[in-house]
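In: Please work out how this folds:
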Amino acid sequence: MSARRRTSEPDEAGKKEELEAFRDIISVFSATTDEKDMEALFDDLFTGSEINDLITRWLLMNDLYKGKPQREIAENRKLSLCKITRGSKMLKKEGGFMHRLLSSRYDDHIHI
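Out: Got it, this is the predicted structure:
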């Protein structure tokens, strides 16, 4: 789990608790196979704004994978170049999950 989600560092007990909570969340998401259940889970767990942020990030990753220029994405999606650059770095990460995921979704197997 990344510390970037926090504004202050928890003590050791807090870190352990957060790591266990993170693993529990992953377990719940992994076990939820029904789309309606997943949608209900998202509705309960996230605010509308947080869901919109997830959607925007997903669209950004798809745009980048398809080779759209970063400046075009920034203008169309109203995103900073910093966020777009971060997404681009994720896709370029050797063996990165997001690249493998998007590659498996597209028949043309575009590679950036």
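In: Any stretches of this protein with poor pLDDT?
Out: Low-confidence segments of the chain, defined by pLDDT under 70: 1-8, 107-112.
In: Show me the helices in this protein, by range?
Out: Per DSSP state H, the chain carries helices over the ranges 12-31, 35-45, 48-65, 70-77, 81-92, 97-105.
In: and the angle from the longest one to helix 35-45?
Out: Relative orientation of helix 12-31 with respect to helix 35-45: 150 degrees, computed using axes from the mean of the first three to the mean of the last three Cα atoms, to 10 degrees.
In: In contact with the closest residue to Arg57 other than its chain neighbours, which residues are there?
Out: In this structure, Arg57 finds its nearest non-sequential neighbour in Gly87, 7.2 Å apart by Cβ to Cβ, 6 or more residues apart in numbering. For the C-beta atoms, the positions are set from N, CA and C on the backbone; glycine is no exception. Listed by Cβ atoms under 8 Å, 6 or more residues apart in numbering, the contact partners of Gly87 are Arg57, Leu60, Met61, Leu64.
In: from the residues you listed, which single one is nearest Lys36?
Out: Nearest to Lys36 among the contacts of Gly87: Arg57, at 22.6 Å, using Cβ to Cβ.
In: The closest one and Met98, how far apart?
Out: Remark: distance between Arg57 and Met98 (Cβ to Cβ, to the nearest Å) = 10 Å.
In: Please apply the same query to Asp44.
Out: Per Cβ to Cβ, Asp44 is found 25 Å from Met98.
In: Just want to know which of these two has more residues nearby.
Out: A direct count of neighbours by other Cβ atoms under 10 Å for Asp44 and Met98 places Met98 higher, at 17 against 7.
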